[in-house]
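[1] Here's my sequence, what's the structure:
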Amino acid sequence: MTRPRSARTAQPTAVRSVAVNPTESLPVSSETALAGDRGQVGGPILTDGESATCEAPPCGPDLAPLLRMRVIGYVRVSTEEQATSGVSLSAQAAKVRAYSDLYNLDLLDVIEDAGVSAKTLDRPGLARALAALRSGAAEGIVVAKLDRLTRSVGDMATLIRDYFGERRGKTLCSVADSIDTRSAAGRMVLNILCSVAQWEREAIGERTRDALRHKRAGGRVFNHAPLGYAAVDGALVPIEAEIAAVAEIHRLDAEGHSLRAICAAMQANGHTTKRGGAWRPSTVQAILRRAS
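    Residues are numbered from 1 along each chain as shown. As a prediction, this is how the structure comes out:
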């Protein structure tokens, strides 16, 4: 009678544990351990009690100056009165310097445009700041508020395309608006705020025109009195000689004379302008447009 073969007892697989965190351990089979020793798993196998360490690259005070971005501060006021008082310019410059210190920026200079409007980019101070970006002397511009740089969506689009876009790599920072164009989110906020600034400017223009139109309809003087009238106690009083000059301009225009021909005829007939100067095509055109 054949003796039955005894069942082979399964041998337990040897395991080793690797420390993952202070509260748990994961089992690692001997095969995995061997594979790790052969470099197939991704590093040496740690025994109980061992822990892995990761050293960060050195970034101490010696490297800090290398990480600072070189920037130009730009400040602007739009009227001669503000430029003369200097309060607004000094306040903007203080904000730019404080921002640069807070974010570890290397502020090379603060450039001013005193008494200059933001309606155009043709400004001497802004030209100097942009020249520093083009030459590589500076890597960014810091302003106290976005409208100090421009209020026009078209001009801002030009600046983004030529300087502050992702491809150009220059940076625009606005203190009050929390804008930093080094990120896509910063560029998006920049476009939104610029659109709002242009809307505000156009809305102010509409309100001003409506107010002046209302005053004009009521015969009130809101500026210099036009040719044909004088301002007396806030009201317009007609002047016969000037009214005759205005009528002559309209007659010559109706006959098809050019603006220059009308100027020559007015000069020859002894008519004078409101200020007593020579007639110019722009003056005649303004009189014709006012009547229309």
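[2] Contacts for the helix or strand residue 131 falls within, please.
    Per DSSP states H and E, residue 131 falls inside helix 124-135. Here helix 124-135 makes contact (C-beta atoms under 8 Å, 6 or more residues apart in numbering) with 72, 74, 76, 108-109, 111-113, 116, 138-141, 149, 163, 170. Bear in mind the C-beta positions are built from the backbone N, C-alpha and C, glycine included.
[3] What is the subsequent helix or strand relative to it?
    The next secondary structure element downstream of helix 124-135 (using DSSP H and E) turns out to be strand 140-143.
[4] List the neighbouring strands of that next one plus their orientation.
    strand 70-76 (parallel), strand 171-174 (parallel) (DSSP bridges).
[5] For residue 236, find the nearest of those.
    With C-beta to C-beta, the closest approach to residue 236 among the strands paired with strand 140-143 belongs to strand 70-76: 37.3 Å.
[6] now the angle from the closest one to helix 124-135?
    Relative orientation of strand 70-76 versus helix 124-135 (axes from the mean of the first three to the mean of the last three C-alpha atoms, to 10 degrees): 160 degrees.
[7] Give me the contact list for strand 70-76.
    89, 92-93, 96-97, 100, 105-114, 116, 118, 123, 125-126, 129, 132-133, 137-144, 148-149, 171, 173.
[8] for residue 177, helix, strand, or coil?
    Secondary structure, DSSP: H, G, I helix; E, B strand; the rest coil: residue 177 is coil.
[9] Phi first, then psi, for it.
    Main-chain dihedrals, residue 177, degrees, to the nearest 10: phi -90, psi 0.
[10] Chain neighbours aside, what residue packs nearest to it?
    Closest residue to residue 177 apart from its sequence neighbours, by C-beta to C-beta, 6 or more residues apart in numbering: residue 146 at 5.0 Å.
[11] Tell me how far that neighbour lies from residue 192.
    Residue 146 is 10 Å from residue 192, where distance means C-beta to C-beta, to the nearest Å.
[12] Same check on residue 79?
    In terms of C-beta to C-beta, residue 79 sits 27 Å off from residue 192.
[13] again, but for residue 104
    Residue 104 sits 27 Å away from residue 192, going by C-beta to C-beta.
[14] what's stretch 154-172 in contact with?
    Residues from elsewhere that reach stretch 154-172 (C-beta under 8 Å, 6+ apart): 69, 71, 120-121, 130, 133, 139-141, 143, 149-150, 179-182, 184, 187, 190-191, 194.
[15] Now do it: distance to the chain's middle.
    Centre-to-centre, stretch 154-172 and its host chain are 9 Å apart (C-alpha atoms, centre = their mean, to the nearest Å).
[16] Need the distance between the two termini of that stretch.
    Stretch 154-172 has its terminal residues 17 Å apart, counting by C-alpha to C-alpha, to the nearest Å.
[17] Just the buried positions in stretch 113-128, please.
    For stretch 113-128, the neighbour count (16 or more other C-beta atoms under 10 Å) marks 113-114, 116, 118, 121, 123, 125-126 as buried.
[18] centre of the chain versus stretch 138-153, how much separation?
    Worked out by C-alpha atoms, centre = their mean, stretch 138-153 lies 4 Å from the chain centre.
[19] From here on, call the first residue 55.
    From this message on, residue numbering opens at 55, which makes the last subject stretch 192-207.
[20] First-to-last residue distance for it?
    End to end - C-alpha to C-alpha - stretch 192-207 spans 24 Å.
[21] What's the mean pLDDT across it?
    Per-residue pLDDT over stretch 192-207 has a mean of 90.
[22] show me where pLDDT drops low in the chain?
    The chain contains residues with pLDDT under 70 at 55-121, 134-141, 270, 272-277, 288, 346.
[23] Show me where it has its helices.
    Taking DSSP state H as the test, the helices found in the chain are 84-91, 134-139, 141-156, 178-189, 207-213, 238-271, 294-308, 313-322, 335-345.
[24] Make a ChimeraX selection of whichever of the contacts of helix 178-189 turn out to be buried.
    Selection of buried members from the contacts of helix 178-189 for ChimeraX, criterion 16+ other C-beta under 10 Å:
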select :126,128,130,165,166,167,170,192,193,194,195,203,217,224
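[25] So what pairs up with the nearest residue to residue 179 once chain neighbours are set aside in the strands?
    Counting by C-beta to C-beta, 6+ apart, residue 179 lies nearest to residue 167, which is 3.7 Å off, once chain neighbours are set aside. Legend: beta-bridge partners of residue 167 under DSSP bridges are residue 130.
[26] I'd assumed residue 177 was in contact with residue 167.
    Yes: counting by C-beta atoms under 8 Å, residue 167 touches residue 177, with 4.8 Å between them.
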